[in-house]
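Colleague: Next one to model:
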Amino acid sequence: MSTKLSRLYGMDIFTDSGKFIGNAQDFIIDLESGEVSRILIEPLPSNKEDAKIALRDKSILYSNVKSVEDVIVVSKGPAVSQ
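Modeller: Numbers count the residues shown, from 1 in each chain. Prediction:
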């Protein structure tokens, strides 16, 4: 699956069971592979401790993305949304 990252900003994110998770607010990129590794449902804070919490509780592994069309569909949301 290949798409421009700018297209994903602000997109609604739903689980494959139809639960709304949030909007794509920020992304973590693996610079070695050039691929998105995580989607955050809130902007990544600059404070290290807050960033750790956001990555743990407010992000989705890109490997869980099933579809990107009009919305982003994921097989599993962040722990907070479970």
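Colleague: what's the burial count for Leu31?
Modeller: Applying other C-beta atoms under 10 Å, we find 7 other residues in the vicinity of Leu31. (Each C-beta comes from the backbone N, C-alpha and C, glycine too.)
Colleague: For it, give me the pLDDT.
Modeller: For Leu31, the pLDDT comes out at 94.
Colleague: Glu49 versus that one, what's the distance?
Modeller: To Glu49, Leu31 is 23 Å away according to C-beta to C-beta, to the nearest Å.
Colleague: again, but for Arg56
Modeller: Arg56 sits 11 Å away from Glu49 when distances are taken as C-beta to C-beta.
Colleague: Which one of the two is surrounded by more residues?
Modeller: Arg56 (11 against 8).
Colleague: Would you check how far apart the residue nearest the centre of the chain and Ser67 are?
Modeller: Geometric centre of the chain, nearest residue: Ile39, 2.0 Å, by C-alpha atoms, centre = their mean. Distance, Ile39 to Ser67, by C-beta to C-beta: 13 Å.
Colleague: just the strands in the chain please.
Modeller: 12-15, 20-23, 26-30, 35-40, 59-61, 65-68, 72-74 (DSSP state E).
Colleague: Let me have those strands in TSV, extended by distance to Lys4.
Modeller: Putting these into TSV (distance: least, C-beta to C-beta, whole Å) gives the following:
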stretch	distance to Lys4
strand 12-15	17
strand 20-23	17
strand 26-30	12
strand 35-40	11
strand 59-61	19
strand 65-68	11
strand 72-74	14
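Colleague: Between these, which one is closest to Thr3.
Modeller: strand 65-68 (5.7 Å; C-beta to C-beta).
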